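# pasting the structure only:
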């Protein structure tokens, strides 16, 4: 007797990818559009507790099924699941999908600590399924140029890096301020990007020492406090001798909407990506040589959905596990050390 052939058993190259979308707020819908715009995938099912958000998602994919839970989404035959829910749900939902044989693209952070991150990656490896995390700043033209300059040796030995993400606002959803639900404050929300940008650009050297300071409302934050940090500063030293300084905040009196900067300094020169006029989206990139500045890249560019698009292109080739995702553990462990856990 022949076994029943399902849609997802067909070769990926012969059909559109069948995707589910879990959480379709602003970020979820933006990534959904970026993925659908590749022409490689179709939205089979969408889940969100908000009927308003589900209705907005329907405008992007009129034929998709509108649901409320991950279990209902996974009842459909899917190649992948895109997760854009509150942070406390990321690890559990990712593992649920992976154990069902479904590839995952998840918003950051993948987990609230290194233990959760490791568990998700172990589930992806056991299921032999592709796992991606939306560390979107890697995909800006500026960070691509920075990484290329470092890898090509154009900066010489990189001994210092300064990365900053100050936000004049704070998140507008209550769960961000609940340590159990978020895992932390501005460091978990913004600092994860900075640590990833630094380690990814430097090809993930081993972090040997970490020193950090967390504050809430201008006062040092103690581990037993229920509040989350709104200002964080830390220095990480790597085994190749690079000193990485990161600083991030919510609701800082910055004189503009945001201050975002990633600068790397070597024995042969420096390079920096910085936001323009407080923008969250527009960046310039410059190369430094002594007092001279050489522009390398100017805005505008549409980079926010590139990570999601890259994941779906990779999934269209192979749904198998990519060991590269194991390096996400390095980022999570560095953050744990800043938090003192």
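It's in. Everything numeric here is computed off the predicted structure, so don't read it as measured data.
# immediately after the helix or strand bottoming out on mean pLDDT in the chain, which helix or strand?
Ranked by mean pLDDT, DSSP states H and E, the weakest helix or strand in the chain is helix 179-182, scoring a mean of 92. Later in the chain than helix 179-182, the nearest helix or strand by DSSP states H and E is helix 186.
# now that next one: mean pLDDT?
Helix 186 shows a mean pLDDT of 98.
# What's the first helix or strand after that helix?
helix 192-201.
# Show me what that next one is packed up against.
In this structure, helix 192-201 makes packing contacts with helix 141-151, strand 158-167, strand 243-250, strand 258-266, helix 328-339, judged by 3 or more Cβ pairs under 8 Å, 6 or more residues apart in numbering; DSSP states H and E. Every residue, glycine included, has its C-beta placed from N, CA and C.
# tilt between it and strand 258-266?
Using axes from the mean of the first three to the mean of the last three Cα atoms, to 10 degrees, the direction of helix 192-201 lies 20 degrees away from that of strand 258-266.
# How about the helix or strand following helix 192-201, which residues are buried there?
Counting by DSSP H and E, the element after helix 192-201 in chain order, helix or strand, is strand 207-216. For strand 207-216, the neighbour count (16 or more other Cβ atoms under 10 Å) marks 207, 210, 212, 214, 215, 216 as buried.
# In a markdown table: the residues you listed, plus pLDDT and distance to residue 106.
Formatted as a markdown table, the buried residues of strand 207-216 follow (pLDDT from 0 to 100; distance: Cβ to Cβ, whole Å):
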| residue | pLDDT | distance to residue 106 |
| --- | --- | --- |
| 207 | 98 | 23 |
| 210 | 98 | 25 |
| 212 | 96 | 25 |
| 214 | 97 | 25 |
| 215 | 97 | 29 |
| 216 | 96 | 27 |
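# Which of those sits closest to residue 35?
residue 207 (32.6 Å; Cβ to Cβ).
# show me what contacts that closest one?
When contacts are counted by Cβ atoms under 8 Å, 6 or more residues apart in numbering, residue 207 touches 199, 236, 237, 238, 239, 330, 333, 334, 337.
# Tell me the bridge partners for it.
On the basis of DSSP bridges, residue 207 is bridged to residue 238.
# Check the one 4 residues further on too.
Going by DSSP bridges, residue 211 is paired in beta bridges with residue 235.
# In TSV: the buried residues of strand 207-216, plus distance to residue 102.
Below are the buried residues of strand 207-216 laid out as TSV (distance: Cβ to Cβ, whole Å):
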residue	distance to residue 102
207	32
210	35
212	36
214	36
215	40
216	38
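# In terms of pLDDT, where does residue 302 sit?
On the pLDDT scale, residue 302 gets 95.
# Count the neighbours of it for me.
8 (other Cβ atoms under 10 Å).
# excluding its backbone neighbours, what's nearest the residue nearest the centre of the chain?
Among the residues of the chain, the one closest to the centroid is residue 135, at 2.4 Å (Cα atoms, centre = their mean). Closest residue to residue 135 in three dimensions, ignoring its sequence neighbours and counting by Cβ to Cβ, 6 or more residues apart in numbering: residue 196, at 4.8 Å.
# ok, residue 44 to residue 105 distance?
15 Å (Cβ to Cβ, to the nearest Å).
# Tell me which of the two has more neighbours.
A side-by-side neighbour count of residue 44 and residue 105, using other Cβ under 10 Å, places residue 105 first with 26 against 22.
# helices and strands around the helix or strand hosting the more buried one, which ones?
For residue 105, the host element (DSSP H and E) is strand 103-107. When contacts are defined as 3+ Cβ pairs under 8 Å, 6+ apart, strand 103-107 packs onto helix 26-37, strand 80-83, helix 87-99, strand 131-134, helix 306-317.
# how about the longest one: buried residues?
Of all the residues in helix 87-99, those buried under the rule 16+ other Cβ under 10 Å are 87, 88, 89, 90, 91, 93, 94, 95, 96, 97, 98.
# Then the last one?
By neighbour count, with 16+ other Cβ under 10 Å as the criterion, the buried positions of helix 306-317 are 306, 307, 308, 309, 310, 311, 312, 314, 315, 316.
# got the contact list for residue 113?
If you count contacts by Cβ under 8 Å, 6+ apart, then residue 113 has 183, 332, 335, 336, 339, 341 around it.
# at 6 Å what do you get?
residue 336 (Cβ atoms under 6 Å, 6 or more residues apart in numbering).
# now swap in the one 5 residues further on and tell me
Counting by Cβ under 6 Å, 6+ apart, residue 118 makes contact with residue 329.
# Now do the end-to-end distance for stretch 253-272.
One end of stretch 253-272 sits 23 Å from the other (Cα to Cα, to the nearest Å).
# Can you give me the pLDDT of residue 15?
Value for residue 15, per-residue pLDDT: 85.
# What count of nearby residues applies to it?
The burial count for residue 15: 12, using other Cβ under 10 Å.
# And residue 147, by the same measure?
There are 18 residues near residue 147, going by other Cβ under 10 Å.
# wait, doesn't it sit right on residue 201?
Yes. At 4.6 Å, residue 147 and residue 201 qualify as touching, with contact defined as Cβ atoms under 6 Å.
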